[in-house]
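Enquirer: Quick one, what's the 3D model for this:
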Amino acid sequence: MNRQKIDILERQFDRLHRRWEKMFASGNDQIPGNLSSESIIQVIRAAAIVEQAFGGMTSSLWDDPFEWTLPEAFGDSGKLRLYFREVKEAIDRGFACLKDDAELSKNLITPFGEKVLGAFLEETLSKAEDLTCKAEPGA
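Expert: Numbers count the residues shown, from 1 in each chain. You can find the predicted model right below:
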């Protein structure tokens with residue numbers, strides 16, 4: 001089985017997840033002072049995009065995890081780290097379903113139209129990385 005492309009994508013999503021964890025790794029439940037409310041919302045939206053993509057890919061549940069965009073959800077760094085772990089679990093489940101790079105050329109029916117799986121994952125990663133970059137301190 002050839003999983004070169006899958007492994008590259010998986011590493012890229014793992015790296016993105018580690019960036020989220022690092023941004024909120026204050027050691028306590030306080031939101032780091034260097035993050036604005038807008039930055040926090042952008043990181044949450046990035047994680048939600050990833051969660052929605054992998055949830056749809058693995059179980060055809062395309063629900064937008066809107067509850068994480070509510071202000072009461074992002075007042076606590078510990079809750080956000082828990083959410084990021086849930087997103088990581090969704091990513092892991094998604095990649096566990098992919099056995100061979102050939103699967104990346106399969107079509108996936110999404111609420112946004114029919115997409116080639118590999119291109120869909122790359123698009124998801126790109127959107128999430130863009131939001132994360134805009135949220136990082138100094139951006």
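Enquirer: mind listing what's buried in the helix ranked longest in the chain?
Expert: Secondary structure of the chain read by DSSP state H shows that its longest helix is helix 37-59. Within helix 37-59, the residues that count as buried by 16 or more other C-beta atoms under 10 Å are 39-57. In this view, the C-beta of every residue, glycine as well, is placed from N, C-alpha and C.
Enquirer: Show me where this structure dips below the pLDDT cut-off.
Expert: 26-34, 64-75, 138-139 (pLDDT under 70).
Enquirer: who's in contact with the residue nearest the centre of it?
Expert: The centre of the chain sits closest to Val50, judged by C-alpha atoms, centre = their mean, with a distance of 3.0 Å. With contacts defined as C-beta atoms under 8 Å, 6 or more residues apart in numbering, the neighbours of Val50 are Phe13, Leu16, Val87, Ala90, Ile91, Thr124, Leu125, Ala128.
Enquirer: In the protein, mark out all the strands, start to finish.
Expert: Using DSSP state E, the strands of the chain run over 107-110, 113-116.
Enquirer: which residues sit against the last one?
Expert: Contacts of strand 113-116 with the rest of the structure, by C-beta under 8 Å, 6+ apart, involve Leu104, Ser105, Lys106, Asn107, Leu108, Glu123.
Enquirer: Please report how far the second one lies from Arg3.
Expert: If you measure Ser105 against Arg3 using C-beta to C-beta, to the nearest Å, the figure is 14 Å.
Enquirer: Neighbour count for those two, which is higher?
Expert: Comparing Ser105 with Arg3 by other C-beta atoms under 10 Å, the one with more neighbours is Arg3, at 16 against 11.
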